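Colleague: have a look at this prediction, sequence included:
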Amino acid sequence: AAAEKGGFESFMDKEIHDQPQAVGDTLLGRTDVDGRLILDDLKIDEAVLRSVDKIVVIACGTAAYAGHVAKYAIEHWCRIPVEVELAHEFRYRDPVVNEKTLVVAITQSGETMDTLMAVRHAREQGAKVISIVNTNGSTIPRESDAVLYTHAGPEIAVASTKAFLSQITAAYVLGLYLAQLRGNKFPDEIALLMDELRDMPRKIQTVIERGEYVRSTARSMKDASSVLFLGRHVGFPVAMEGALKLKELAYIHAEGFAAGELKHGPIALIDEGQPVFVVVPSPRGRDSLHSKVVSNIQEIRARGARTLVIAEDGDDSVKAFADEIFWIPQVPTLMQPLLATVPLQIFAMALATAKGLDVDQPRNLAKSVTVE
Ligand code: G6P
């Protein structure tokens with residue numbers, strides 16, 4: 001087993017370090033000689049894909065957060081409404097699904113029973129199903145109309161890391177493919193976005209190389225009893241994923257919130273010393289997202305929170321209100337989840353390790369849940 005871990009302390013640590021490659025491999029072979037996107041493993045008639053009027057993403061756990069991230073990108077690029085739903089909720093609420101619905105099932109294992117049952121239900125209603133799957137030859141791709149494989153390689157640690165980043169990547173490629181097919185974007189715009197994606201492995205590597213500061217912060221916080229996570233736009237699902245990692249690995253109460261929701265409730269939880277992670281969007285974004293999140297940091301800091309801020313290189317506006325800053329390279333906001341998630345993974349792993357817990361096999365959890 002030591003050899004399989006490639007010299008790392010745990011499979012999780014290895015898989016965190018595998019992420020640049022996992023994202024890079026998921027992007028391989030997606031364009032033809034003219035730079036147009038091609039998805040060989042997509043076997044749905046193009047006319048059907050052009051007529052889609054709604055996308056529903058179904059998934060469980062971490063894969064569902066990848067779906068939440070993808071919603072922002074796909075709606076923005078394709079102008080198709082996207083819903084994201086937990087697979088086990090989807091099926092039991094009589095969802096509005098028909099021949100014009102494209103269901104995207106996201107699953108690392110391809111075996112999650114809740115997701116499989118939702119796929120079956122969607123197809124019975126006439127929807128087409130594309131699955132985004134990491135495990136070749138698993139059940140869900142066999143029962144889907146088409147499959148887009150993530151090429152993250154086997155993920156052994158129960159808590160998902162490299163599969164998550166690969167799922168976001170694959171869902172983005174699918175979104176760009178649909179935008180190309182439906183004429184929502186010019187080929188040169190798509191080529192630019194693909195170039196941005198292809199540049200992400202290098203930037204993910206940079207974030208991993210800065211991991212030691214995250215680890216030492218985590219070790220100093222091993223007695224924390226609750227940690228909150230705030231984000232806005234794509235930073236919101238990142239915050240939820242950061243909270244999930246901490247629950248799964250360190251058995252600490254953790255919750256992710258939309259930063260704008262703070263004043264509608266969660267701010268009541270803030271008191272002296274409460275640790276709060278905040279994912280700060282790019283200051284170069286078009287709208288005022290960035291300044292709104294910076295005011296949120298100010299508000300919670302004024303109420304005693306210990307602020308752990310994930311911000312872009314060069315974003316000096318956060319310095320005055322941050323107790324700790326985890327810097328990430330500059331990227332457009334939609335690309336930021338591929339970077340901002342990484343310090344949160346490392347934080348949860350290091351804190352759990354400091355508590356003496358087994359990060360690869362957390363209590364009560366299974367890698368793949370094959371019962372409903
Ligand atoms: C289990 C795992 C999670 C995973 C979820 C969905 O609960 O513990 O880490 O996110 O299943 O798994 P899937 O294989 O469908 O992505």
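Modeller: Yep, it's here.

Colleague: would you map the strands across the protein?
Modeller: Using DSSP state E, the strands of the chain run over residues 54-59, 82-86, 101-107, 128-133, 146-149, 226-231, 253-258, 275-279, 306-312, 324-328.

Colleague: which of those sits closest to the ligand?
Modeller: Ranking those by proximity to the ligand (CB to the nearest ligand atom) places strand 101-107 first, at 3.3 Å. In this view, the C-beta of every residue, glycine as well, is placed from N, C-alpha and C.

Colleague: what's the closest one packed up against?
Modeller: If you count contacts as 3 or more CB pairs under 8 Å, 6 or more residues apart in numbering; DSSP states H and E, strand 101-107 packs onto strand 54-59, helix 61-78, helix 113-124, strand 128-133, helix 162-181.

Colleague: Throw the strands of the chain into CSV and include mean pLDDT, mean neighbour count and distance to the ligand, thanks.
Modeller: Supplementary listing: the strands of the chain in CSV, determined by pLDDT from 0 to 100; neighbours: other CB atoms under 10 Å; distance: least, CB to the nearest ligand atom, whole Å:
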stretch, mean pLDDT, mean neighbour count, distance to the ligand
strand 54-59, 98, 25, 6
strand 82-86, 97, 19, 10
strand 101-107, 98, 28, 3
strand 128-133, 96, 27, 8
strand 146-149, 94, 20, 13
strand 226-231, 98, 24, 17
strand 253-258, 97, 20, 15
strand 275-279, 98, 26, 20
strand 306-312, 98, 24, 22
strand 324-328, 98, 21, 23
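
Colleague: returning to that earlier point: would you turn the helices and strands packed on strand 101-107 into a markdown table with distance to residue 238?
Modeller: As requested, those are exported to a markdown table (distance: least, CB to CB, whole Å):
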| stretch | distance to residue 238 |
| --- | --- |
| strand 54-59 | 16 |
| helix 61-78 | 7 |
| helix 113-124 | 22 |
| strand 128-133 | 18 |
| helix 162-181 | 10 |
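
Colleague: show me where the stretch 201-350 of the chain has its helices.
Modeller: 211-219, 235-250, 289-302, 337-354 (DSSP state H, counting those that start in this stretch).

Colleague: would JSON lines of the ones you listed with distance to residue 192 be doable?
Modeller: Formatted as JSON lines, the helices of the stretch 201-350 of the chain follow (distance: least, CB to CB, whole Å):
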{"stretch": "helix 211-219", "distance to residue 192": "30"}
{"stretch": "helix 235-250", "distance to residue 192": "23"}
{"stretch": "helix 289-302", "distance to residue 192": "21"}
{"stretch": "helix 337-354", "distance to residue 192": "16"}
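
Colleague: close enough to count as contact, residue 50 and residue 182?
Modeller: Yes - between residue 50 and residue 182 there is a contact at 5.6 Å, judged by CB atoms under 8 Å.

Colleague: those two: which has the busier surroundings?
Modeller: Higher neighbour count among residue 50 and residue 182: residue 182, with 17 against 11, using other CB atoms under 10 Å.

Colleague: what distance do you get for that one to residue 145?
Modeller: Distance of residue 182 to residue 145, computed by CB to CB, to the nearest Å: 18 Å.
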